[in-house]
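# Sequence and predicted structure are below.
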Amino acid sequence: MPSGYSKYAGGTTLLPNGAMTWKERDTQGPGLSIVTGDDVTGDNCIMSAGWNPDSTPSATQMSDWWGVDLKQCSDPWQSSKRFKVVSYVLDAPVDLTFNVSANGQEDLYRILQKYGNQTGQRVSGYTQQLGFLINGVFTEAQPGQGLAFALKNGTKHSNDIPTASSMANQGELDSLLAHGLFGAPDKHHTSAGYFNPYVRANFALEAGETFIRTVGMHPVHQDLFGEWMPSNNLKGAIYFDMDGIVYTDNALMGHCDGAFNEEVAQVNAAEGCQGEWVTYRSSLVPVDNGDGTWTIAPSAGIDPLNPALNRTVIPADVVASWDSNPLWIPGDIDDFANVNINTFISLGNADNWPTADGNGNASFTIRITPTFDAATASTEPGTAAPEDFIVFIEAPTAVVQ
């Protein structure tokens with residue numbers, strides 16, 4: 001599940017084709033909340049539910065996360081603001097329906113979302129749609145109907161001339177893989193990504209007024225790993241736990257170049273990797289700065305044209321030492337199966353939506369559908385075809401309240 005759900009206490013709201021998930025710490029059920037009028041900025045957003053973790057700075061266990069400040073759009077970076085949706089089935093939609101009260105004006109909401117691939121298969125793209133769900137039937141909204149994807153300034157995208165994500169500012173129209181995997185340092189990240197320290201991996205997008213669709217995964221991901229991975233067949237890695245709290249973000253130090261079994265590796269790291277433990281970092285020795293922080297050596301990244309460049313096999317005695325040191329944690333690279341989605345939606349004219357009840361109430365639906373196109377998909381090096389990675393799973397067929 002996203003961000004370590006399967007290991008640490010969390011929650012789910014199951015849907016026929018997917019789920020909402022969350023870590024039950026500062027994020028609380030039902031996992032999603034609507035903020036209208038942020039208590040600092042006045043902004044609106046759709047985000048995770050719960051408490052600002054900065055209101056409980058001394059928290060070290062789950063019972064400590066019951067804070068005093070409800071989550072807000074303006075909460076600090078890395079404060080668990082994204083609500084998390086996962087898909088279980090290819091070509092099958094997950095629908096999130098929101099009730100609204102008509103107020104005679106247009107309102108802009110930022111979407112803070114994480115989206116996970118739990119289909120058991122590679123995914124080459126997905127589509128988001130804005131529309132209406134009536135008697136179980138979804139209809140995409142019409143342009144000019146008052147329901148639109150937009151930029152931060154409220155400018156609505158056009159179905160006729162969609163906006164490319166490369167033409168929007170970061171945070172306005174994005175579908176990004178975790179920076180710890182790919183990307184150069186920026187205002188939020190002091191270190192570079194492990195697999196590529198220069199370029200951030202992402203799905204390129206094009207946005208219309210009523211839809212957003214992917215137009216391909218970035219080559220820095222495709223050249224190394226092919227299409228988007230499912231959560232049940234990930235790469236394995238070794239992490240260094242920089243703060244001693246296992247469920248916070250840890251530093252990716254090396255990876256298993258071969259088949260990986262997470263359960264076995266957590267008992268015996270050498271046996272859990274059916275291949276070689278390797279690193280692209282210049283050193284595996286974290287430097288204790290004496291102030292509660294650590295300095296991690298930079299990664300040179302993987303050159304897809306010359307994978308041997310910068311590649312260092314980790315000595316057997318170092319691998320063996322991880323088994324007795326709780327700060328070194330073997331595990332799946334969960335972030336490979338997740339993307340952070342950033343966009344904005346404009347809401348207006350709700351009295352005239354097809355879901356309006358005549359008393360100022362209406363509803364709209366955000367639909368997301370994952371897809372796989374074998375004809376255009378890139379193959380991961382070492383496999384014969386994209387389909388070689390497919391692992392089928394059975395999805396739930398009932399809604400659990």
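That came through, no problem.

# so where's the stretch 1-150 of the chain shaky on pLDDT?
Scanning the stretch 1-150 of the chain for pLDDT under 70 picks out the ranges 1-15, 60-63, 65-67.

# run the last query once more with 80
1-16, 23-26, 54-68 (pLDDT under 80).

# what's the distance between the nearest residue to L70 once chain neighbours are set aside and M20?
Nearest residue to L70, sequence neighbours excluded (C-beta to C-beta, 6 or more residues apart in numbering): W51, at 6.5 Å. Bear in mind the C-beta positions are built from the backbone N, C-alpha and C, glycine included. Counting by C-beta to C-beta, to the nearest Å, the gap from W51 to M20 is 18 Å.

# Ok, N250 next?
In terms of C-beta to C-beta, N250 sits 25 Å off from M20.

# just C256 next, same as before
31 Å.

# Looking at those two, which one has more neighbours?
Using other C-beta atoms under 10 Å as the criterion, C256 and M20 rank with C256 on top: 25 against 20.

# Test my guess that that one contacts G275.
Yes. Under the criterion of C-beta atoms under 8 Å, C256 makes contact with G275 at 5.8 Å.

# Hmm, G146 and E209 touching each other?
No. Assessed by C-beta under 8 Å, E209 is found out of contact with G146, at 10.4 Å.

# So for these two, which sits in the more crowded spot?
Applying other C-beta under 10 Å to E209 and G146 shows that E209 carries more neighbours, namely 22 against 18.

# average pLDDT for stretch 257-277?
Per-residue pLDDT over stretch 257-277 has a mean of 95.

# Report the buried residues of it.
Neighbour counts over stretch 257-277 (16 or more other C-beta atoms under 10 Å) mark D257, F260, N261, E262, A265, A269, G272, C273, W277 as buried.

# which residues does L108 form a beta bridge with?
S346 (DSSP bridges).

# My guess is it contacts G348. True?
No. Counting by C-beta under 8 Å, L108 stays clear of G348, with 9.6 Å between them.

# Kindly provide the distance from the residue nearest to L70 to L32.
The gap separating W51 from L32 is 14 Å, by C-beta to C-beta.

# and if you look at S346?
From S346 to L32 the distance is 19 Å (C-beta to C-beta).

# quick one, helices of this protein?
219-225, 262-265, 269-272, 316-321 (DSSP state H).

# what about the stretch 301-401 of the chain, any weak spots by pLDDT?
382-401.

# mind running it again at 50?
390-401 (pLDDT under 50).

# all strands for it, in order.
In the stretch 301-401 of the chain, the strands defined using DSSP state E, counting those that start in this stretch lie at 312-313, 328-332, 338-347, 361-371.

# nearest to E140, of those?
strand 361-371 (8.0 Å; C-beta to C-beta).

# In the closest one, which residues are buried?
Counting neighbours by 16+ other C-beta under 10 Å, strand 361-371 gives A362, S363, F364, T365, I366, R367, I368, T369, P370 as buried.

# and if you look at stretch 145-156?
Going by 16+ other C-beta under 10 Å, stretch 145-156 has these buried residues: Q145, G146, L147, A148, F149, A150, L151, K152, K156.

# Who is the third one paired with across the strands?
According to DSSP bridges, the partner residues bridging L147 are L347.

# shouldn't it be in contact with T139?
No. With contact defined as C-beta under 8 Å, L147 does not reach T139; the gap is 11.1 Å.

# what do those two both touch?
Jointly contacting L147 and T139 under the rule C-beta atoms under 8 Å, 6 or more residues apart in numbering are G131.

# dump the residue contacts of T376.
S124.

# and it, how far is that from I34?
37 Å.

# Then H188?
25 Å.

# Compare those two (neighbour count), which wins?
Between H188 and I34, counted using other C-beta under 10 Å, the more crowded position is I34 (13 against 8).

# Quick check, that one in contact with L70.
No. I34 lies out of contact with L70 (C-beta under 8 Å); the separation is 11.5 Å.

# Tell me, how many residues neighbour T119?
T119: 29 neighbours (other C-beta under 10 Å).
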